[in-house]
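Undergrad: Dropping a prediction and its sequence here:
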Amino acid sequence: MKQKILIVEDFFVEANHLRILLTRAGYEVTGIARTFESAEEAIRQDHPEIVLVDIFLAGQKTGVDLARLLNRQNIPFIYLSANSNEEVLKTARETGPSGFVVKPFREKDLLAAIGIARYLHESSREALWRKEAAFTGELDRLAGARRPWPERMLCLVRALQQFISFDYVAVGFIGPVYMPFNALHFLRTGFDEYQVMDSEGFQTVSRINPARMVASMAAIKLRTSPVFFNAVQFQIACQESGIRSLVGKTFDMHSNLLFPLPKISLDGRYFFLSLYSGRNDAFNERHLELCRKVQPALQHAVEEMTRHVMPGFPQVRLDEGIELISNKVPIPGPLGAMIGESHLFLHVLDLAVAFAATDSSVLIRGERGTGKEQVAGGIHALSARSDGPFIKVNCAGFSAGSMEGELFGFENGGPGNARTGRFGQAEGGTLFLDEIGEMPFEIQLKLLNVLQRHEMERVGGRQPVRVDVRVIVATSRDLEKEIAEGRFRLDLYYRLNACCIRLPALRERIDDIELIATHFLEYFAEKSGRGHALRFSEKSIRMLKEYDWPGNVAELMDAIETCVLFARTEIVDDIKLPSRKS
């Protein structure tokens, strides 16, 4: 059956050229739309499987607006544009396209982009299915458990964390009669560690008095369907809700996903989950779709749990008002050795653990010294390929000729004699390509072909060789800028960018600096054979936090090692740092 494609392009000549290319390649073109409105109608009538959309459509609504509609309907789309400059690519990235094709169209680029879009859509659908299955399975187990209400809610929160990443969640019942506020609050303080608060504990931490709490609750706008607020929208929503504003200010949250279950009602109040994140862009349309998909299973589980506490409300009081609950199960491999508790760091761990469960390629972005190789090794260690080899290659400094042989190897009689190559060495395991942004342009196409076809050709060889290798790549470069300047392939970028982890710079997670520095201090003190422990003074901690760390964690580690070497007392009071400061 032919795959159906809709073209959304306001220039007829270009749209017709696309139609001819696609028809010749065996696709069914369902139509050509010139505006947002006509595209919306065509999508409703023809149900295309992929949409090609000009990013700068004429009219009030552009291709970016159409992209948001396509995301809501889970239809993959490819942007069309006459420009591939850095600004356009970053605008496109915000809406999560499956590809980008630059005008004038080349047939092979167009067909390659469609092939990548199909692969990415199938991969994301498979990953979503796995997430749904795991979450609903956990809900089934939770529904039959006989535990106190706070323990059940903690289990629900932990299951939800594997499904949608968040830093804070309120879980309970809400309605026209606001008090007492029957909810529990979970603040994430570690990978699987939460500070749990009942209403009194929340009031203590947020320093809100009961009267203001009642007023804040009364101002809440009740909703019956999932909704999210990011960045500016979150700030506007905070003005409408005192509780949302209070959570944002108290716990430094910048986005919110509200997930109500209005069919679960106790005494006129319905069940809800309100998820928060410290990131500005944590939630999107796909999260709303996830909520809608799992709503029946979640509703059934909560109904079963509430059945055992009726009549009346579940007991949500904690003995101390505030409790710290930790699973204390370490993350195996290199990820477990990484230090941090900030929401940015925990988000990195969430993504790494999630991507480890797949076999997709992963792109790790971050400045030098942020730990990209450690994250790559952690993904490998947690994956189904953990028993296979983990082969590392730094792409910097290779010419096209030398890199081709390095990666793919040589046939017998080829230059350098017979050689397996790094793909051959990584068979059954993972190949980590560091600094992919410096890979020679000619080799990028060969890498894309391997990722697409799972086969390669050795230097001097005539027959393709099947490969069973997962590829993880990393870069410290701005790939959008590299593409705009013609040094990185657009199609390879979209093939890799589907599973992307951005490692924050150390200056972006100041709250982690003392924790990391203390870890290094203890490590190097023990390694040096000192008979007594070392500790930082308040002055030295302040110095560490005020420095901007251009070399990130690697530079911090070197600085602490130097401190240990020159320490004369048990208190480290001065740290030799360059004068550079942001």
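TA: Now that the structure is in, tell me what you want to look at. Residues are numbered from 1 along each chain as shown.
Undergrad: What mean pLDDT does the strand ranked longest in the chain get?
TA: Using DSSP state E to define each element, the chain has its longest strand at strand 255-266. The predicted model assigns strand 255-266 a mean pLDDT of 90.
Undergrad: which parts of it are buried?
TA: Buried residues in strand 255-266, counted by 16 or more other C-beta atoms under 10 Å: 255-261, 264, 266. For the C-beta atoms, the positions are set from N, CA and C on the backbone; glycine is no exception.
Undergrad: Nearest to G437 among those?
TA: S255 (29.4 Å; C-beta to C-beta).
Undergrad: That closest one contacts A282, doesn't it?
TA: Yes - the criterion here is C-beta atoms under 8 Å, and S255 meets it with A282 at 4.3 Å.
Undergrad: can you list residues touching both of these two?
TA: N230 (C-beta atoms under 8 Å, 6 or more residues apart in numbering).
Undergrad: quick revisit: what angle do the helix or strand just after the longest strand of the chain and strand 255-266 make?
TA: Note on strand 255-266: by DSSP states H and E, the next helix or strand toward the C-terminus is strand 269-277. Per axes from the mean of the first three to the mean of the last three C-alpha atoms, to 10 degrees, the angle that strand 269-277 makes with strand 255-266 is 160 degrees.
Undergrad: quick one: the next helix or strand after strand 269-277 to strand 255-266, angle?
TA: Next helix or strand after strand 269-277 toward the C-terminus (DSSP H and E): helix 285-307. Helix 285-307 and strand 255-266 are oriented at 30 degrees to each other (the same axes, to 10 degrees).
Undergrad: So which elements touch the longest strand of the chain?
TA: Identification of packing neighbours for strand 255-266 by 3 or more C-beta pairs under 8 Å, 6 or more residues apart in numbering; DSSP states H and E yields strand 227-230, helix 231-240, helix 242-251, strand 269-277, helix 285-307.
Undergrad: Residues in contact with the longest one: which ones?
TA: Same thing as helix 285-307. Contacts of helix 285-307 (C-beta under 8 Å, 6+ apart): 68, 71-72, 74, 96, 128, 131-132, 135-136, 139-140, 142-144, 149, 152, 156, 163-164, 226-228, 257, 259, 261, 263-264, 266, 271, 314.
Undergrad: ok, now stretch 226-233?
TA: Stretch 226-233 has contacts (C-beta under 8 Å, 6+ apart) with 236-237, 254-260, 280-284, 287-288, 291-292.
Undergrad: Let's see that stretch as PDB, backbone CA atoms only.
TA: The C-alpha coordinates for stretch 226-233 follow below in PDB (Å, rounded to 0.1, in the frame of the first residue of the first chain):
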ATOM      1  CA  PRO A 226      -4.900  17.800  30.600                       C
ATOM      2  CA  VAL A 227      -3.100  21.100  29.900                       C
ATOM      3  CA  PHE A 228       0.400  22.400  30.200                       C
ATOM      4  CA  PHE A 229       2.100  25.700  30.700                       C
ATOM      5  CA  ASN A 230       5.700  26.500  29.700                       C
ATOM      6  CA  ALA A 231       7.900  29.600  30.300                       C
ATOM      7  CA  VAL A 232       5.800  32.700  29.600                       C
ATOM      8  CA  GLN A 233       2.500  30.800  29.700                       C
END
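Undergrad: Off-centre distance for it?
TA: Chain-centre distance of stretch 226-233: 17 Å, with C-alpha atoms, centre = their mean, to the nearest Å.
Undergrad: what's the answer for stretch 77-90, then?
TA: 22 Å.
Undergrad: and if you look at stretch 430-438?
TA: Mean C-alpha position of stretch 430-438 versus that of the full chain (C-alpha atoms, centre = their mean) differs by 19 Å.
Undergrad: Please apply the same query to stretch 495-509.
TA: 8 Å.
Undergrad: Give me the below-cutoff pLDDT ranges for the stretch 151-300 of the chain.
TA: Counting by pLDDT under 70, the stretch 151-300 of the chain shows low-confidence ranges at 175-182, 214, 217-219.
Undergrad: Of the contacts of helix 285-307, select the buried ones using a PyMOL command.
TA: In PyMOL, a selection of the buried entries from the contacts of helix 285-307 looks like this (16+ other C-beta under 10 Å):
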select buried, resi 71+96+128+131+135+136+139+142+143+149+152+156+163+164+226+227+228+257+259+261+264+266+271+314
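Undergrad: Quickly name whichever of the buried residues of strand 255-266 is closest to K481.
TA: Using C-beta to C-beta, the buried residues of strand 255-266 come closest to K481 at S255, 27.1 Å.
Undergrad: Neighbours of F524, how many?
TA: 19 (other C-beta atoms under 10 Å).
Undergrad: which residues touch it?
TA: Residues near F524 by C-beta under 8 Å, 6+ apart: 560-561, 563-564.
Undergrad: are any of those residues buried, and which?
TA: For the contacts of F524, buried by 16+ other C-beta under 10 Å: 560, 563-564.
Undergrad: H17 and R106 touch, don't they?
TA: No - counting by C-beta under 8 Å, H17 does not reach R106; the two are 11.1 Å apart.
Undergrad: Counting neighbours, go ahead and name the busier of the two.
TA: H17 (18 against 12).
Undergrad: How about the more buried one, nearest residue that isn't a chain neighbour?
TA: Among residues not flanking H17 along the chain, F105 sits closest, at 6.6 Å (C-beta to C-beta, 6 or more residues apart in numbering).
Undergrad: what does E457 give?
TA: That would be P464: by C-beta to C-beta, 6+ apart, it lies 5.6 Å from E457.
Undergrad: What separation do you get for the one you found and H454?
TA: Separation of P464 from H454 (C-beta to C-beta, to the nearest Å) stands at 10 Å.
Undergrad: For stretch 572-582, buried residues please.
TA: 572, 575, 577.
Undergrad: F105: neighbour count?
TA: Counted with other C-beta under 10 Å, F105 comes out at 16.
Undergrad: Report the secondary structure state of it.
TA: The three-state assignment at F105 reads coil, by DSSP: H, G, I helix; E, B strand; the rest coil.
Undergrad: And for the one 5 residues further on?
TA: In the three-state summary, L110 is assigned as helix, counting by three-state DSSP.
Undergrad: what about it, neighbour count?
TA: 20.
Undergrad: Help me confirm that the residue nearest to E457 comes into contact with E455.
TA: Yes - using C-beta under 8 Å, P464 is in contact with E455, at 4.2 Å.
Undergrad: Flag the shaky bits of the protein, pLDDT-wise.
TA: 1, 175-182, 214, 217-219, 308-322, 324-330, 332, 412-418, 531-532, 580-582.
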